[in-house]
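Engineer: for reference, the sequence and a predicted model appear below.
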Number of protein chains: 2
Amino acid sequence: MNPTAQSRALPEIVVDSGMSKTLHHGLLILRVLSEHPQGLTVTDVAERIGVHRTVAHRLVRTLEAHQLCRRDQQRRIVLGTGLVTLAEPVEQDLRALARPVLDELAEATRATAHLLVREGTQDMRALMVVEPRGALVHVSFRPGQTHSIQQGSGGLALLAGGPPRSGERPEVTEARAKGYAVTMGEVIPAVIGVSAAVPSHRGEATTSIGVSVFEPAGLDALGGTVVEAAKRLGNLLG
Amino acid sequence: MNPTAQSRALPEIVVDSGMSKTLHHGLLILRVLSEHPQGLTVTDVAERIGVHRTVAHRLVRTLEAHQLCRRDQQRRIVLGTGLVTLAEPVEQDLRALARPVLDELAEATRATAHLLVREGTQDMRALMVVEPRGALVHVSFRPGQTHSIQQGSGGLALLAGGPPRSGERPEVTEARAKGYAVTMGEVIPAVIGVSAAVPSHRGEATTSIGVSVFEPAGLDALGGTVVEAAKRLGNLLG
DNA sequence: CACTGCTCGTGCGATTATCGCACAGAGGTC
DNA sequence: GACCTCTGTGCGATAATCGCACGAGCAGTG
């Protein structure tokens, strides 16, 4: 895509005053490493985050001490298992309650079920993905993925929970009427998403639950099942 | 346990020269937050990591910008969903290959199956935990947990893979003979662990696979099943 | 209402941690 | 051997950080 696919930087986070530059660089290293699971050298890391090599070296050492990265057999830097310890408590209540609901949804629909949460004002992030047991073909869709709230059934389902806005996508209006949102190929090519907002009795909904399928058949029945799962999870959340 | 259970600090990581103090503090904040899922105030955070309140404030802001923490409804600081994105690629190959093996092991034994990896030289960390479908009673055991390599069946299974050492625990010697290790109540009270080292054709084994059960009946058959699963995973890893 | 006690957030100067140069060791390749 | 790349380490100049002091918000209490 890019002229030099190697030089793709990742600004996206503005270094406001009132932010720690050093910590920012350290966290950038984690992001860079997460985008390069095969591992990177210190020089690579330094180039990608735009600091001197010795600076990257010290930051990597600090991350290593916290077990957030390590060296593989070829001494390349990869993410460390300390991250799974840190990530485990994240939204632990929501995930614990959602698991049985997602399990049942995946089993009932024989499709990949997912739980998305709003991140900031513009994005959605996949928090959980449950694949049906023994499905011959399944949608591969990793937790942690983010996409715009304007795309994908999960985002539209949340938008449909808000007040109608002029200029909103017609799919949002339709979702508001039906109670669930349907999109095709917006997050994953050729994959159809069917999602509903998880009702929240305190404030705006920030969570959606849904499924991903290949076949556009029986979407109404699927929508009903998804809406029911969303209601069930909403009740569990109290 | 402690006189003041609140004031328990967490040094454990020595601030070597050649480490970034600022990044170290930022990472300490993540650790502190992971131990307090209910959320903390800025003042709390500052006290626990031993920095001035304004310093903690700036670090928290930086973490927020990276979506590694956020404020809940009461403006308390909790971990953010960016962590699941960072943690997802960790040991992704190992986890992808281990999942079907763990699924089958949990199903065959009707017990909680787990995958542990060595962390440093002294500790083991749980990387995956799979609970059997529809089990009425299951061992609750979260990924990310760490414990000494000297305790628990997973650690002993790895020690049994090494050369015999004088003074090693008799369980290790026994595990070396049998091919699998058994411990009782060392990691989780009243829970029996049965683990085997995942064979690695390059270097020492660093991974164990095992199950957690309540009943001490049929441990030999269980051990055989676990060893078979470990061999299967070892073959998958090439 | 006033007072207390807690929290949060922000300029801004002194200090200190960081930055990055220069050097040296370790492999690997030609 | 010559060459290249990556790695790791002191150490001085510099710039980022630290932490004081200040003001605001909010809840409880007399």
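Structural biologist: Right, received. Where do you want to start? Numbering: from 1, shown residues only, chains lettered A, B, ... in the order given.
Engineer: so what does the closest residue to A:Met128 other than its chain neighbours look like in phi/psi?
Structural biologist: Excluding the flanking residues, the one nearest A:Met128 by C-beta to C-beta, 6 or more residues apart in numbering or on different chains is A:Leu115, at 4.3 Å. Yep, even glycine has a C-beta here, placed from its N, CA and C like the rest. Per-residue torsions, A:Leu115: phi -120, psi 120 (degrees, to the nearest 10).
Engineer: what do you get for A:Val211?
Structural biologist: phi -130, psi 160.
Engineer: likewise for the one 3 residues further on?
Structural biologist: Phi and psi for A:Phe214, reported as degrees, to the nearest 10, are phi -100, psi -40.
Engineer: doesn't A:Ala126 lie inside a helix?
Structural biologist: No - A:Ala126 is assigned strand when assessed by DSSP: H, G, I helix; E, B strand; the rest coil, not a helix.
Engineer: for it, which residues are in contact?
Structural biologist: For A:Ala126, the contacting residues are A:114-116, A:141-146, by C-beta atoms under 8 Å, 6 or more residues apart in numbering or on different chains.
Engineer: quick one: low-confidence ranges for chain A?
Structural biologist: A:1-12 (pLDDT under 70).
Engineer: give me the domain ranges for chain A.
Structural biologist: Chain A breaks down into these domains under automatic domain parsing: A:5-87, A:92-236.
Engineer: quick one: closest of those to DNA strand C.
Structural biologist: DNA strand C sits nearest to domain A:5-87 of all those, at 3.4 Å, using C-beta to the nearest atom of the strand.
Engineer: any idea how far that closest one is from the chain center?
Structural biologist: Computed by C-alpha atoms, centre = their mean, to the nearest Å, the chain-centroid distance of domain A:5-87 equals 20 Å.
Engineer: is DNA strand D within reach of that domain?
Structural biologist: Yes - with C-beta under 7 Å from any atom of the strand as the measure, domain A:5-87 is seen reaching DNA strand D through A:20-23, A:41-43, A:53-54, A:57, A:75-76.
Engineer: list phi and psi for A:Met184.
Structural biologist: Here A:Met184 shows phi and psi, under degrees, to the nearest 10, equal to phi -130, psi 120.
Engineer: and it, how many residues sit next to it?
Structural biologist: 13 (other C-beta atoms under 10 Å in any protein chain shown).
Engineer: how about the one 5 residues further on?
Structural biologist: Applying other C-beta under 10 Å, we find 7 residues neighbouring A:Pro189.
Engineer: how close does it sit to A:His114?
Structural biologist: 16 Å (C-beta to C-beta, to the nearest Å).
Engineer: out of the residues of domain A:5-87 next to DNA strand D, list just those in helices.
Structural biologist: Using DSSP state H, A:21-23, A:42-43, A:53-54, A:57 are the members of the residues of domain A:5-87 next to DNA strand D that sit in helices.
Engineer: JSON lines for those, including neighbour count and distance to A:Val32?
Structural biologist: JSON lines is the format used below for these (neighbours: other C-beta atoms under 10 Å in any protein chain shown; distance: C-beta to C-beta, whole Å):
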{"residue": "A:Lys21", "neighbour count": "11", "distance to A:Val32": "16"}
{"residue": "A:Thr22", "neighbour count": "22", "distance to A:Val32": "16"}
{"residue": "A:Leu23", "neighbour count": "26", "distance to A:Val32": "15"}
{"residue": "A:Val42", "neighbour count": "18", "distance to A:Val32": "12"}
{"residue": "A:Thr43", "neighbour count": "11", "distance to A:Val32": "12"}
{"residue": "A:Arg53", "neighbour count": "13", "distance to A:Val32": "14"}
{"residue": "A:Thr54", "neighbour count": "10", "distance to A:Val32": "17"}
{"residue": "A:His57", "neighbour count": "16", "distance to A:Val32": "14"}
